[in-house]
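1. kindly generate the corresponding structure for this input.
(one chain, ligands or ions: 1)
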Amino acid sequence: MSNEKQPIVTNSPVPFPSTAIAAEAAREGEEPVAAVPEPEAMSRDGEPSEIALEPDSVSGPEPKMRAHDVRVFYGEKEALKGVSIEVHEDKVTAFIGPSGCGKSTFLRCLNRMNDTIPGARVTGTITLDGEDISSPDMDVVQLRARVGMVFQKPNPFPKSIFENVAYGPRIHGLASGKDELDGIVEKSLRRAGLWDEVKDRLGESGTALSGGQQQRLCIARAIAVDPEVILMDEPCSALDPIATAKIEELIHELRGRYAIAIVTHNMQQAARVSQRTAFFHLGELIEYGKTKDIFTNPREQRTQDYITGRYG
Ligand SMILES: Nc1ncnc2c1ncn2[C@@H]1O[C@H](COP(=O)(O)OP(=O)(O)OP(=O)(O)O)[C@@H](O)[C@H]1O
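-> Numbers count the residues shown, from 1 in each chain. Prediction:
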């Protein structure tokens with residue numbers, strides 16, 4: 001068999017239902033490609049790519065979030081070098097690339113989590129529904145409710161399952177009374193695919209759940225404040241294959257209700273769950289496009305090398 005351009009979408013180590021997700025991901029993509037390559041993207045022969053588009057030339061529906069020329073500095077070091085990309089409401093966008101290429105750094109830009117890192121400085125523009133998230137008018141607490149985050153390691157509060165989910169709606173004043181709060185907790189746990197497993201033990205500690213359940217609890221916690229975007233930073237890397245499959249299935253179900261961006265080291269996972277993929281390398285966005293195209297017909301040699309396992 002030829003070694004070239006092996007599509008990896010069929011190479012799933014995780015059983016059904018993720019296989020079904022992969023099939024859908026592979027079918028996905030009749031709409032125009034919202035490709036926004038890094039402006040300096042080079043083609044395989046080293047010439048500037050003819051198909052590189054300026055970010056503003058992208059057609060199609062207005063993205064939920066748009067990043068333009070985003071740079072991140074940790075002290076003097078430029079960790080992210082002018083990234084322009086879009087996150088769409090009805091799509092899962094995967095960020096892939098070798099360790100240290102800036103995936104998590106970029107993800108954190110989308111809800112200003114880098115503000116919490118001493119010495120980190122972000123330039124460029126990121127909009128949410130057209131509104132600059134760095135503007136003085138943007139309340140960062142509200143922003144992080146609208147753009148929620150799920151981390152690599154499940155991090156439930158050391159509180160009850162109920163309180164883990166109720167905490168956010170309570171501090172954001174989303175429920176006018178106990179019944180409404182109960183309703184939000186149930187709805188969020190249902191959407192996170194956890195309700196049936198925990199409905200009889202809501203008073204137990206969230207930390208007593210299995211790793212996969214904890215991660216779904218963290219997703220329920222993010223959902224409870226009614227976000228528009230959910231950012232996931234390697235949400236399955238601490239989970240076994242069965243728990244991973246459940247999270248992937250959940251991502252599939254949540255798509256459409258929330259814009260989702262996911263950082264993953266696992267290319268099969270990116271292929272299974274996403275409709276758009278962005279490949280980062282050494283702080284640059286090398287290529288961004290339909291997941292199917294990135295994995296079966298990448299434009300850039302560096303993408304091809306990465307997805308075929310030549311480095312990373
Ligand atoms: N808090 C920080 N302070 C200083 N440098 C940092 C910090 N966080 C990340 N970096 C550096 O920024 C670069 C990008 O890191 P980042 O964690 O975003 O990459 P990544 O692609 O998510 O990596 P991984 O896949 O290993 O998690 C790396 O060189 C990293 O060392």
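2. OK, contacts around the residue lying closest to Pro158 once chain neighbours are set aside?
-> Nearest residue to Pro158, sequence neighbours excluded (Cβ to Cβ, 6 or more residues apart in numbering): Thr207, at 5.7 Å. (Glycine included, C-beta is placed from N, CA and C.) For Thr207, the contacting residues are Pro156, Pro158, Gln214, by Cβ atoms under 8 Å, 6 or more residues apart in numbering.
3. go on, Leu80?
-> Going by Cβ under 8 Å, 6+ apart, Leu80 touches Val70, Arg71, Val72, Gly102, Thr105, Phe106, Cys109, Gly283.
4. neighbour-wise, give me the winner out of these.
-> Within these, Phe106 tops the neighbour count with 28 neighbours, counted by other Cβ atoms under 10 Å.
5. so where's the stretch 51-200 of the chain shaky on pLDDT?
-> Residue ranges of the stretch 51-200 of the chain with pLDDT under 70: 51-60.
6. all helices for it, in order.
-> Secondary structure of the stretch 51-200 of the chain (DSSP state H, counting those that start in this stretch): helices located at 103-109, 140-146, 161-171, 178-191, 195-198.
7. so which of the ones you listed gets nearest Tyr288?
-> With Cβ to Cβ as the measure, helix 103-109 is the member of those nearest Tyr288 (11.3 Å).
8. how close does Phe73 sit to Arg121?
-> Plainly put, Phe73 is 5 Å away from Arg121 if you go by Cβ to Cβ, to the nearest Å.
9. so Thr105 sits right up against Lys81, yeah?
-> No: here Thr105 lies out of contact with Lys81, judged by Cβ atoms under 8 Å, at a distance of 10.7 Å.
10. end to end, how far does stretch 70-86 reach?
-> In stretch 70-86, first residue to last residue: 12 Å (Cα to Cα, to the nearest Å).
11. then stretch 231-248?
-> End-to-end for stretch 231-248, by Cα to Cα: 14 Å.
12. show residues contacting that stretch.
-> 13-15, 17-18, 21, 104, 107-108, 110-111, 147-154, 193, 210-213, 215-216, 219, 251, 260-266, 269, 272-273.
13. buried subset of these, written for ChimeraX?
-> Buried residues among the contacts of stretch 231-248 (16 or more other Cβ atoms under 10 Å), as a ChimeraX selection:
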select :14,18,21,104,107,108,110,111,147,148,149,150,151,152,154,193,212,213,215,216,219,251,260,261,262,263,264,265,266,269,272,273
